[in-house]
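Engineer: task: produce atomic coordinates for the following.
(one chain, ligands or ions: 2)
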Amino acid sequence: MQVFKFGGASVKDAPGIVNLSEIVRNSPDKQLLIVVSAMGKTTNALEKLTRAYVEQNDEMHSLFDEIKQYHYDILHQLFEPGHPIFDEIANTFVEIEWTIEDEPQDEFDFIYDQIVSIGEMVSTRIVNAYLNKTGASSQWLDVRGYIHTDNTYREGKVDWPKTTKSIQHDVPALLQKGVVVTPGFLGGTSENFTTTLGREGSDYTASIFAACLNAQSVTIWKDVPGVLNADPKLFTDTVKYDQLSYAEAIEMTYYGASVIHPKTIKPLQNAKIPLLVKPFMHPDEPGTIITETDFITFNTPVIIVKQNQVLLSISTKDYSFISEEHLSDIFGLFAKTHIKLNIMQASAVSFTVCFDDDTERFEKLTTALKQNFSIKYNNQLSLITVRHYKTDLLKQLTTDKTILLEQISRNTVQMVVK
Ligand SMILES: Nc1ncnc2c1ncn2[C@@H]1O[C@H](COP(=O)(O)OP(=O)(O)O)[C@@H](O)[C@H]1O
Ligand SMILES: N[C@@H](CC(=O)OP(=O)(O)O)C(=O)O
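Structural biologist: Ligands and ions are numbered 1, 2, ... in the order given. Modelled structure (predicted):
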């Protein structure tokens, strides 16, 4: 069996869903588990709705109407009026209606997961119904009963033994009957609440199913020809890698190459399952294959740009040395607020870190830090990472920019720039 993952870009409109169904129909392997993300930019829209609801901003009703309208427009292009999918989708959206009717009582992260998860719940039901309409025998699987997580909302930690047992118990038999469509990005707690696995986590969902089912391969279908040396939205003249090692892919995604979620590779590497990154508009092209392979020479440096970064410097209030005890307290606060450090640097009297900006998490962190430390920060920065770098390229990348922090190792350069 194989696992296919279709991200938001591949299902952003009705032709995208028709294209997905053709890729599925043309697949020589009929035992397919299909992981699908929310359509287009729905997750961003649902995040906005969550914030508006938590702030009790009147905008929330118009934001919700826009999300519904976008999905109903797609439904009308794919199905005749009266098809049962219309009621199914209406019933799924009702869950948000019920939530936003009442004033918010719970923690932000919990509310976020209950609302944002609806994106994948509707997209997968639509894809499943369309596959059935076009003659594929497709079944919808509620991933929340199979990927078991703890209750770290917005960053659910997978309980692997329980998840493996559930998936192995039911999914092979379902695959005997046809394709299985399931939401990416979501998990469920032991109390049956919905969790999410972290933004862009559907790739990870595909990798979890593949590892548990010992799949032949995982294919993630993208709007790019494969893994490139840089994001084509930011750079021209990008070069595609035909082949990458798991190790290089782990490094690239760790530093922020957003084409693959960083947690995706490890389970596949452990189970020796190849990961293919292929263009959904040209399914016959080979894309990039990621496997266990010997060292590949990199003639083209890998450039990774992470935008919307914060650079935060932490000092003791009396400007005494930053001791190990201080660092232990500081790291504890980062762990508690679920902020991942992209780069860190210590001096005698300060500790400087760079991380992704996230309003709620940043506020929690700085409120806690200010009790014992002084802080200074800059935001709206970029973190540029270059692997297998060449000096002239670094100059080119930083022309007209101010470098606020730089770290250089044998293979990798990282620069925080304004
Ligand atoms: N090294 C890279 N190679 C290819 N694409 C990249 C790379 N780095 C960033 N990207 C971006 O990743 C995008 C595809 O990922 P993403 O937007 O998450 O797709 P989806 O949501 O459909 O899964 C591309 O459109 C491209 O802009
Ligand atoms: N919809 C979620 C999960 C995901 O993985 O999406 P995509 O495959 O479109 O990156 C998000 O946008 O974060």
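Engineer: which bits of the stretch 201-350 of the chain sit near ligand 2?
Structural biologist: With Cβ under 6 Å from any ligand atom as the criterion, the stretch 201-350 of the chain comes near ligand 2 at residues 201-202. For every residue, glycine as well, the C-beta is placed using N, CA and C.
Engineer: would you list every one of the strands in the stretch 201-350 of the chain?
Structural biologist: 217-222, 243-245, 275-279, 288-291, 302-316, 341-346, 350-356 (DSSP state E, counting those that start in this stretch).
Engineer: quick one: list the elements packing against the longest one.
Structural biologist: By that I understand strand 302-316. Strand 302-316 makes packing contacts with helix 246-254, strand 350-356, helix 359-369, strand 373-387 when contacts are defined by 3 or more Cβ pairs under 8 Å, 6 or more residues apart in numbering; DSSP states H and E.
Engineer: quick one on the thing from earlier: possible to save the strands of the stretch 201-350 of the chain as a markdown table with mean pLDDT, distance to residue 133 and mean neighbour count?
Structural biologist: Supplementary listing: the strands of the stretch 201-350 of the chain in a markdown table, determined by pLDDT from 0 to 100; distance: least, Cβ to Cβ, whole Å; neighbours: other Cβ atoms under 10 Å:
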| stretch | mean pLDDT | distance to residue 133 | mean neighbour count |
| --- | --- | --- | --- |
| strand 217-222 | 98 | 20 | 24 |
| strand 243-245 | 94 | 37 | 19 |
| strand 275-279 | 98 | 25 | 22 |
| strand 288-291 | 96 | 32 | 22 |
| strand 302-316 | 96 | 40 | 20 |
| strand 341-346 | 94 | 44 | 16 |
| strand 350-356 | 96 | 40 | 20 |
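Engineer: distance to ligand 1 for those strands - can I get that in a markdown table?
Structural biologist: A markdown table is the format used below for the strands of the stretch 201-350 of the chain (distance: least, Cβ to the nearest ligand atom, whole Å):
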| stretch | distance to ligand 1 |
| --- | --- |
| strand 217-222 | 5 |
| strand 243-245 | 10 |
| strand 275-279 | 8 |
| strand 288-291 | 8 |
| strand 302-316 | 7 |
| strand 341-346 | 15 |
| strand 350-356 | 15 |
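Engineer: count the neighbours of whichever residue of the stretch 1-150 of the chain sits closest to ligand 1 for me.
Structural biologist: With distances taken as Cβ to the nearest ligand atom, the stretch 1-150 of the chain approaches ligand 1 most closely at residue 7, which sits 1.9 Å away. As a burial measure, the neighbour count of residue 7 was computed by other Cβ atoms under 10 Å and equals 25.
Engineer: adjust the sequence numbering to begin at 558 for everything that follows.
Structural biologist: Fine by me, first position is 558 from now on; the one you just mentioned is residue 564.
Engineer: and it, what does it touch?
Structural biologist: For residue 564, the residues meeting the contact criterion (Cβ atoms under 8 Å, 6 or more residues apart in numbering) are 594, 741, 759-760, 777-779.
Engineer: which two of those residues have the greatest separation?
Structural biologist: Spatial extent of the contacts of residue 564 (Cβ to Cβ) is set by the pair 741 and 779 at 13.6 Å.
Engineer: distance of the residue of the chain most remote from its centre from ligand 2?
Structural biologist: Note on the chain: the largest separation between a C-alpha and the mean C-alpha position, by Cα atoms, centre = their mean, falls on residue 875 (40.7 Å). Applying Cβ to the nearest ligand atom, to the nearest Å, one obtains 42 Å for the distance of residue 875 from ligand 2.
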